[in-house]
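Engineer: One predicted model, sequence on top.
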Amino acid sequence: MNSAASAVQLEEVVFRWPRARQPSLAIEQLTIKRGERLFVRGPSGSGKSTLLGIIGGVNQPQQGRVEVLGQDLRDLGTAARDRFRADHIGFIFQLFNLIPYLTVRENVLLPLRFSRRRAGLLGGRGQAEALRLLAHLGLETMSERIATDLSVGQQQRVACARALLGAPELIIADEPTSALDADARGAFIDLLLAECAAAGSTLLFVSHDGGLANHFDRQIDLCQLNGCPT
Amino acid sequence: MRAILHLAWHSLAHRRGTVLLTLLSIAFSTLLLLGVERLRTEVREGFAGTIAGTDLIIGARTGQIQLLLYSVFHLGDATNNIRWESFEAVAKQRQVAWAVPISLGDSHRGYRVVGTTPAYFEHYHFGHDQTLGFVSGGPFQQLYDAVIGAEVAEKLGYRLGDRLIVAHGTGNVSLKQHDDKPFQVAGILAPTGTPVDRSVLVSLEAIEAIHIGWTPELRRPDDLKPRAITAMLVGLKSRAAAFQMQRFVNDYSDEPLLAVLPGVALAELWKFTAVAEGALRLIAGFVVLVGLIGMMTAILTGLEARRREMAVLRAVGAQPLHLFALLLTEAIAVTGAGLAAGLALLYAAVAVAGPQLTARFGLHLSLRPPTQSEWLLLALVFGAGLLLAVVPAIRAYRQALADGLIPKL
């Protein structure tokens, strides 16, 4: 799996939501190379959520081929796709990334509870690694606080730590900065890029804000990529 | 699975306020359900234990439940007496091992006065075939000796040798007091948990004497031979003779009599009360159901607010089945804890209210472990809780599938 050159490979993918008349996503070809830091520009309604759901193995396209880290997702059952996601992908969302009833540390450790692979990679160092990541993100004093006690910016950094724990090959960030003010935004992106580089993870960053694109290796416009009128 | 348990625990702890309320509503409804059940069985056991060892109860012809209630439980009054000759005729039958007469109709400060013979102390059994025991003194020997039950002694503060007056009629305030006939306490009985505790026992002759206004100067003691009694308790040499003896009594030509088998009469009584019991159980059952539906509603309402949480869990790798399990686990924990708390409340209630119930109604609520039928009830409630919890769990499962990683709010 690690020998695959591309992190994500989409071919002739068409996705239609159940009970929808029109497909909401049609992508002829999309390749994200390993280690690449890709900016996907897409306003809401451009099929962004659908794309992330497909790569994450939550939504299955009616047509086409989706390969993540060399694994054809069509070959996996639903439970296996969930496990695959747990093992290889870290997600950061726009808001409410954290489980409100867990402490910051427990939130960061959450992927290890669902992924034996990531837990195994860290061995017994899960706790230490979680604290190291939190410290690195400037949250060392926050680890035992309940997630909802934190500011939005802090919460996003915790989500960042969680996505990175156990160094999954692919990080998917969906508008992670839209709730942050301009100063925090740049700082957050720099932090994320640095951590991804350190972990050797591929980063797929989705935002409607094209102004952020210059932080990345490459940018694509989902509106042009998606063959469906939106 | 450990991940689910961990999440469920923290999720419940986080919402402990509402969780506690749900838990309490289940606990109290369980208390009601178990309380009704326990009271019901204790009442039955208590009634059955009041006439242990008696094979037949004989009285004037009336309903068999009525005879049972007034003769043994001192509930209601006899419509008719039976003649002393009838008592003697029955008592001398070959199958009869013993016969104890009972004469009711008088009272002492609200407590029933029971006229009987010393044989009563030997043959009246209660509970699991226990005999009457004396705390002090012994059976009556002199004409105006009285033996008092444990509650009478305690409530009225009587000791051996104290004098008491018997009133005609059974009310607390009676019109005609036999105050020229002071009885003397000759014996105090140990507590039995039966109506005996609330009885004043005297000899049949004493009853006769107070009614004819006997004083030693007027007539000879021979005239104190009883003329009528209220009922009689009969023990047979062999249980098998019960039906034969019952037929003999019911066909007795000199006087209309009725003989009842206590077990049969009790069964008849329970058939009578079964409707009320059934209604109580039904109500208790519905209260439990309301408690469980409350829990289900709370989970369902909470589910909308937890969509983001579910999506986050999905993103870190949870399968929809995990979310199903999470909600089910939470419901199981709340139901289980509610049942346990209900059981604890039951024991607390028995410990606190038990002595009161014993004192007022002669009901013995013991601190015994749950019976099989109580375990069954608990299991039923648990099963119902589980069943209802499946509803929100399925909703969460389907929501997880529909929402994917980003809930459309």
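Structural biologist: Sure, I can see it. Numbering: from 1, shown residues only, chains lettered A, B, ... in the order given.
Engineer: from the stretch 201-350 of chain B, which residue is nearest to chain A?
Structural biologist: B:G317 (2.2 Å; Cβ to the nearest Cβ). For every residue, glycine as well, the C-beta is placed using N, CA and C.
Engineer: What pLDDT does the model give that residue?
Structural biologist: On pLDDT, B:G317 comes in at 85.
Engineer: which secondary structure element contains it?
Structural biologist: Using DSSP states H and E, B:G317 sits within no helix or strand.
Engineer: wait, what's in contact with it?
Structural biologist: Contact analysis of B:G317 by Cβ atoms under 8 Å, 6 or more residues apart in numbering or on different chains lists A:D82, A:R83, A:R85, A:A86, A:D87, A:P111, A:F114, A:S115.
Engineer: Test my guess that the last one contacts A:I89.
Structural biologist: No: counting by Cβ atoms under 8 Å, A:S115 sits too far from A:I89 to count as a contact (9.8 Å).
Engineer: Nearest residue to A:T50 in space, please, no chain neighbours.
Structural biologist: Nearest residue to A:T50 in three dimensions, chain neighbours excluded: A:L25, at 4.5 Å (Cβ to Cβ, 6 or more residues apart in numbering or on different chains).
Engineer: From A:G53, how far out is that neighbour?
Structural biologist: Remark: distance between A:L25 and A:G53 (Cβ to Cβ, to the nearest Å) = 9 Å.
Engineer: Between those two, which has more neighbouring residues?
Structural biologist: Neighbours were tallied for A:L25 and for A:G53 using other Cβ atoms under 10 Å in any protein chain shown; the higher tally belongs to A:L25 (27 against 21).
Engineer: pLDDT weak spots in chain A?
Structural biologist: For chain A, the stretches flagged by pLDDT under 70 are A:1-4, A:228-230.
Engineer: Which strand residues bridge the residue nearest the centre of it?
Structural biologist: In chain A, the C-alpha nearest the mean C-alpha coordinate belongs to A:I172, at 1.7 Å (Cα atoms, centre = their mean). As for beta bridges, A:I172 partners with A:F91, A:L204 under DSSP bridges.
Engineer: Let me see the contact set for it.
Structural biologist: A:I172 touches A:L52, A:I55, A:G56, A:I89, A:G90, A:F91, A:I92, A:L204, A:V206, counting by Cβ under 8 Å, 6+ apart.
Engineer: Mind telling me what element the first one is part of?
Structural biologist: A:L52 belongs to helix A:48-55 when assigned by DSSP H and E.
Engineer: swap in B:V135?
Structural biologist: Going by DSSP H and E, B:V135 is in strand B:134-137.
Engineer: Show the average pLDDT along that strand.
Structural biologist: Rounded mean pLDDT across strand B:134-137 is 90.
Engineer: Could you give me the buried positions within that strand?
Structural biologist: Buried residues in strand B:134-137, counted by 16 or more other Cβ atoms under 10 Å in any protein chain shown: B:G137.
Engineer: how about the CA coordinates for whichever helix or strand comes after that strand, as CSV?
Structural biologist: Using DSSP H and E, the helix or strand that follows strand B:134-137 towards the C-terminus is strand B:145-148. The C-alpha coordinates for strand B:145-148 follow below in CSV (Å, rounded to 0.1, in the frame of the first residue of the first chain):
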residue,chain,number,x,y,z
ASP,B,145,-58.4,-14.1,83.8
ALA,B,146,-57.5,-12.5,80.5
VAL,B,147,-54.6,-13.2,78.1
ILE,B,148,-53.6,-10.3,76.0
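Engineer: Next secondary structure element downstream of strand B:145-148?
Structural biologist: helix B:150-156.
Engineer: tell me what that following helix is packed against?
Structural biologist: With contacts defined as 3 or more Cβ pairs under 8 Å, 6 or more residues apart in numbering or on different chains; DSSP states H and E, the packing partners of helix B:150-156 are strand B:111-116, strand B:183-189.
Engineer: Of all these, which one is nearest A:D181?
Structural biologist: Ranking those by proximity to A:D181 (Cβ to Cβ) places strand B:111-116 first, at 86.0 Å.
Engineer: other SSEs contacting the following helix or strand past the closest one?
Structural biologist: Following strand B:111-116 in sequence order, the next helix or strand is helix B:119-123 (DSSP H and E). On a contact count with 3+ Cβ pairs under 8 Å, 6+ apart, helix B:119-123 meets strand B:96-108.
Engineer: For the strand it packs on, give the mean pLDDT please.
Structural biologist: Averaged over strand B:96-108, pLDDT sits at 90.
Engineer: Where do the helices of the chain begin and end?
Structural biologist: No chain was given, so I picked chain A. A:48-55, A:78-88, A:104-114, A:116-122, A:126-136, A:152-164, A:182-199, A:222-225 (DSSP state H).
Engineer: Not quite, go with chain B.
Structural biologist: Remark: helices assigned in chain B by DSSP H are B:2-14, B:16-50, B:64-72, B:84-91, B:119-123, B:150-156, B:204-212, B:242-250, B:262-305, B:307-315, B:320-361, B:372-403.
Engineer: which of those sits most buried?
Structural biologist: Among these, helix B:307-315 has the highest mean neighbour count (mean count of other Cβ atoms under 10 Å in any protein chain shown), at a mean of 24.
Engineer: what about it and chain A, any contact?
Structural biologist: Yes: applying Cβ under 8 Å from any Cβ of the partner chain, one finds helix B:307-315 touching chain A at B:R308, B:E309, B:A311, B:V312, B:L313, B:R314, B:A315.
Engineer: Distance from the chain centre to that helix, please.
Structural biologist: Its chain's average C-alpha position is 53 Å from that of helix B:307-315, according to Cα atoms, centre = their mean, to the nearest Å.
Engineer: next one: stretch A:174-181
Structural biologist: The answer for stretch A:174-181 is 13 Å, by Cα atoms, centre = their mean.
Engineer: Stretch B:372-380 too?
Structural biologist: 19 Å.
Engineer: How about stretch A:101-111?
Structural biologist: When distances are taken as Cα atoms, centre = their mean, stretch A:101-111 is centred 17 Å away from the chain's centroid.
Engineer: how many neighbours does whichever residue of chain A sits closest to chain B have?
Structural biologist: Relative to chain B, the nearest point of chain A is A:A86 (2.2 Å; Cβ to the nearest Cβ). By other Cβ under 10 Å, the residues close to A:A86 number 28.
Engineer: Look up phi and psi at the nearest residue to it once chain neighbours are set aside.
Structural biologist: Spatial nearest neighbour of A:A86, chain neighbours left out: B:G317 (2.2 Å); criterion: Cβ to Cβ, 6+ apart. Main-chain torsions, B:G317, degrees, to the nearest 10: phi 120, psi 0.
Engineer: returning to what we had before: dump the helices and strands packed on helix B:150-156 into JSON lines; add distance to B:G59, mean neighbour count and mean pLDDT as well.
Structural biologist: Listed next are the helices and strands packed on helix B:150-156 as JSON lines, based on distance: least, Cβ to Cβ, whole Å; neighbours: other Cβ atoms under 10 Å in any protein chain shown; pLDDT from 0 to 100:
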{"stretch": "strand B:111-116", "distance to B:G59": "14", "mean neighbour count": "24", "mean pLDDT": "91"}
{"stretch": "strand B:183-189", "distance to B:G59": "24", "mean neighbour count": "21", "mean pLDDT": "91"}
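Engineer: will you turn these into JSON lines that also has distance to B:A8?
Structural biologist: JSON lines is the format used below for those (distance: least, Cβ to Cβ, whole Å):
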{"stretch": "strand B:111-116", "distance to B:A8": "58"}
{"stretch": "strand B:183-189", "distance to B:A8": "57"}
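Engineer: Just tell me which of these ends up closest to A:S143.
Structural biologist: If we rank the helices and strands packed on helix B:150-156 by Cβ to Cβ, the stretch that ends up nearest is strand B:183-189, at 71.6 Å.
Engineer: helices or strands next to that closest one in the packing?
Structural biologist: Using 3+ Cβ pairs under 8 Å, 6+ apart, strand B:183-189 is in contact with strand B:134-137, strand B:145-148, helix B:150-156, strand B:163-164, strand B:199-203.
Engineer: cutoff 6 Å now
Structural biologist: strand B:134-137, strand B:145-148 (3 or more Cβ pairs under 6 Å, 6 or more residues apart in numbering or on different chains; DSSP states H and E).
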